[in-house]
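Asks: Quick one, what's the 3D model for this:
(one chain, ligands or ions: 1)
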Amino acid sequence: MQLSRSPSVRLPLTRSSRMTIFSDFDGTISNRDSLKSLLNRFAGSSWHWIERRLLNGTMPESDGLQKAFDLIDVSEDEALEFVLEHIQVDPWFKDFVGWTRNKGYDLRILSGGFNQFIYRLLKRERIFDIPIIANDFRTQDSQWLVKPPNIARLCPNCNHCKSASILNEISDSPEVFVVYIGDGHTDACPIQLADLVFAKGYLEAYCFEQNIPFVPFQNFKDIQEFLRNTIETSRDGSSFEIPPHGKMPKI
Ligand SMILES: [Mg+2]
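Replies: Take a look at the predicted model:
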């Protein structure tokens, strides 16, 4: 499967379609970005120079994330304590997970954050057994070593190439209906592989500017209701359109 632009405007979902839902974590499932919060607290002002270069595209994230964590001066235990204290999970996410399981939809978390933090934040909410594809870290003599997922990137921009992860996940069933949920810069590439995009924050503005059809959301209750009310009613063979600019279709 090649990267090709844009979610389908018309959704070819039938009763026999399989659906796989990919969701970003930081700022999407969580209320704020765990790595940025950690760096803002523990990396000092030099981090902001790296952040500016990441945002204006003059430094690839695959370089910038390690450079940023070279600046950090905190133990793994302190970092985890900070993350658990300051990062909250969307209160509707647990219901959403249960609903996807009841429906037989596959759900995967794709994150540029750290596996260890995501696992602990979800464990606190008693949310288990969701496949998480994310960066890892290990610490050695106070040095933080960032390790991307063990999958070949399609380009050097992102530390975790979410597009490569999606292609890998759906390689056995390329006809699967792909839903993508996200909020940030590193979500702009993988939405090209999605049939339906839910967007907020930067990603919402990006989709708007690029004329890419998307559905805006605030929380996972919005997403669950949209999928239940709209997608599922289209399974009788009819179809509907997601217009650009995030206007919700009338049901
Ligand atoms: Mg995010």
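Asks: Going by C-alpha atoms from here, please, whenever you check contacts or count neighbours.
Replies: Will do.
Asks: who in the stretch 101-250 of the chain is up against the ion?
Replies: Contact residues, the stretch 101-250 of the chain versus the ion (C-alpha under 5 Å from the ion): Asp183, Gly184.
Asks: what about the helices in the stretch 101-250 of the chain?
Replies: 115-124, 162-169, 201-210, 220-226 (DSSP state H, counting those that start in this stretch).
Asks: how about the nearest residue in space to Lys162 that is not next to it in sequence, what does it touch?
Replies: Of all residues not flanking Lys162 in the chain, Pro190 sits nearest, at 5.9 Å (C-alpha to C-alpha, 6 or more residues apart in numbering). Pro190 makes contact with Lys162, Ser163, Ile166, Tyr180, according to C-alpha atoms under 8 Å, 6 or more residues apart in numbering.
Asks: For the ion, see how far away the last one is.
Replies: Distance, Tyr180 to the ion, by C-alpha to the ion, to the nearest Å: 12 Å.
Asks: Please apply the same query to the second one.
Replies: For Ser163, the distance to the ion equals 15 Å [C-alpha to the ion].
Asks: Could you count how many residues lie near the nearest residue to Phe117 once chain neighbours are set aside?
Replies: Spatially, and ignoring its direct neighbours in sequence, Phe117 is nearest to Leu80 (6.7 Å; C-alpha to C-alpha, 6+ apart). Using other C-alpha atoms under 10 Å, the number of residues around Leu80 comes to 18.
Asks: which stretches of the protein aren't confidently modelled?
Replies: The chain contains residues with pLDDT under 70 at 1-17, 232-251.
Asks: For the ion, give me its nearest residue in it.
Replies: Proximity of the chain to the ion (C-alpha to the ion) peaks at Asp26, 4.1 Å away.
Asks: which residues touch the residue nearest to that residue when sequence neighbours are not counted?
Replies: What sits nearest to Asp26 in space, not counting adjacent residues and going by C-alpha to C-alpha, 6+ apart, is Asp33, at 4.5 Å. By C-alpha under 8 Å, 6+ apart, Asp33 lies in contact with Asp26, Gly27, Ile87.
Asks: Just to be sure, Ile72 is in a strand?
Replies: No. Membership of Ile72 in a strand is not supported by DSSP: H, G, I helix; E, B strand; the rest coil, which gives coil.
Asks: Return the distance of the residue lying closest to it once chain neighbours are set aside relative to Arg120.
Replies: Nearest residue to Ile72, sequence neighbours excluded (C-alpha to C-alpha, 6+ apart): Ala43, at 4.2 Å. Separation of Ala43 from Arg120 (C-alpha to C-alpha, to the nearest Å): 22 Å.
Asks: and the two? which has more neighbours close in?
Replies: Ala43 (19 against 16).
Asks: didn't the more buried one look like it was pressed against Ala68?
Replies: Yes. Counting by C-alpha atoms under 8 Å, Ala43 touches Ala68, with 7.2 Å between them.
Asks: now Phe96, what's its secondary structure?
Replies: Assigned state for Phe96: helix (three-state reduction, three-state DSSP).
Asks: residues touching it, list them.
Replies: Phe96 neighbours (C-alpha under 8 Å, 6+ apart): Phe220, Lys221, Gln224.
Asks: Top of those residues by number of neighbours, please.
Replies: Neighbour max across the contacts of Phe96 (other C-alpha under 10 Å) = Phe220, 20 neighbours.
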